[in-house]
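Novice: I need the structure of the sequence given here:
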Amino acid sequence: MPGAVDGPSWKQVEDIRDIYDFRDVLGTGAFSEVILAEDKRTHKLVAIKCIAKKALEGKEGSMENEIAVLHKIKHPNIVALNDIYESGGHLYLIMQLVSGGELFDRIVEKGFYTERDASRLIFQVLDAVKYLHDLGIVHRDLKPENLLYYSLDEDSKIMISDFGLSKMEDPGSVLSTACGTPGYVAPEVLAQKPYSKAVDCWSIGVIAYILLCGYPPFYDENDAKLFEQILKAEYEFDSPYWDDISDSAKDFIRHLMEKDPEKRFTCEQALQHPWIAGDTALDKNIHQSVSEQIKKNFAKSKWKQAFNATAVV
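Specialist: So this is what the prediction gives:
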């Protein structure tokens, strides 16, 4: 298991373009943009998050938190922060380039997709999130859009991105800032109760659910009704979509999507479940039904952020 390392150094530079050749804009946000660039020294491609410091006024805490979190982590399934530069009125975060596209894209493009494929994906997410939790970091915004493939290779690993909402967990303290994406947020967050790293385990359960059927466990156009469903932890394994899914997979999801965070599986427990650690995940091809539901329930415009190495904020 990779360990925590001292983060990349913060460097002052007169002109970032002396070091990097800017190529294309990969994404733009309210106060930053992500640029595809080439390191002139090594000729390696990177993603550079360019942040105007004046646009950060009042938001410094959020940005500092993201940098502090990224500084602390080094894991093969987490997008890496390689360097930080400051030049004039800008901060430049030099990020590992992740060019394999989004999770849903790849599933839809596959011709063959099974429970075992989903199990392997969730294993990688659990392993990375367990690493974060062991460091005292809660991601707080795990969702399919934040899971990117490292490369276009058929056997590419999955990468976790977007640490804008992450929080270092102080020993003895509880987190209570309501945040996250509504469909993936744990009941205790909506109930405005103090919460902990268990919120990430709930989100992984929601992601596993979607990976096996192609639609979310909770849905309503009305946010209040959506929140009511989540608060009650009301979800079903609907027929016919779940008819070919193993009981082991459903059991795994129930343990993660457990309303009571005290009873909910931790990442460590989830990694030991037979659906992950054993051979209970089925090899039956479920591609057609899952990809049809993904296309129907997750409009491309909502989640397509190709080549995006980190959140554009």
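
Novice: how many other residues sit next to S246?
Specialist: Number of residues near S246 (other C-beta atoms under 10 Å) recorded here: 18. (C-beta placed from N, C-alpha, C; glycine too.)

Novice: wait, doesn't it sit right on W275?
Specialist: Yes: counting by C-beta atoms under 8 Å, S246 touches W275, with 7.3 Å between them.

Novice: Name the residues contacting each of these two.
Specialist: E115, A281 (C-beta atoms under 8 Å, 6 or more residues apart in numbering).

Novice: Run the chain-centre distance for stretch 153-162.
Specialist: Counting by C-alpha atoms, centre = their mean, to the nearest Å, stretch 153-162 is centred 11 Å from the centre of its parent chain.

Novice: what does it contact?
Specialist: Residues from elsewhere that reach stretch 153-162 (C-beta under 8 Å, 6+ apart): 76-79, 98, 100, 103, 121, 124-125, 128-129, 139, 141-142, 145-150, 308-311.

Novice: Restricted to buried residues, select those residues in ChimeraX.
Specialist: Listed next is the ChimeraX selection for buried residues among the contacts of stretch 153-162, using 16 or more other C-beta atoms under 10 Å:
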select :77,78,79,98,100,103,121,124,125,128,129,139,141,142,145,146,147,148,149,150,308,309,310,311
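
Novice: Surely K130 forms part of a helix?
Specialist: Yes: counting by DSSP: H, G, I helix; E, B strand; the rest coil, K130 falls inside a helix.

Novice: Tell me who's in contact with it.
Specialist: T266, C267, E268, L271 are the contacts of K130 under C-beta under 8 Å, 6+ apart.

Novice: for those residues, which one is nearest I48?
Specialist: C267 (31.2 Å; C-beta to C-beta).

Novice: Please tell me how far the closest one sits from K110.
Specialist: Note on C267: its distance to K110, by C-beta to C-beta, to the nearest Å, is 26 Å.

Novice: neighbour-wise, which of those two wins?
Specialist: C267 (23 against 15).

Novice: Spatially, what comes nearest to that one if we skip its sequence neighbours?
Specialist: Computed as C-beta to C-beta, 6 or more residues apart in numbering, the closest residue to C267 that is not its neighbour in sequence is K130, at 3.7 Å.

Novice: same thing with Q293?
Specialist: Using C-beta to C-beta, 6+ apart and skipping residues adjacent in sequence, the residue nearest Q293 is G214, 2.6 Å away.

Novice: Let me know whether that neighbour touches I245 as I believe.
Specialist: No: G214 is not in contact with I245 according to C-beta under 8 Å; the separation is 11.5 Å.
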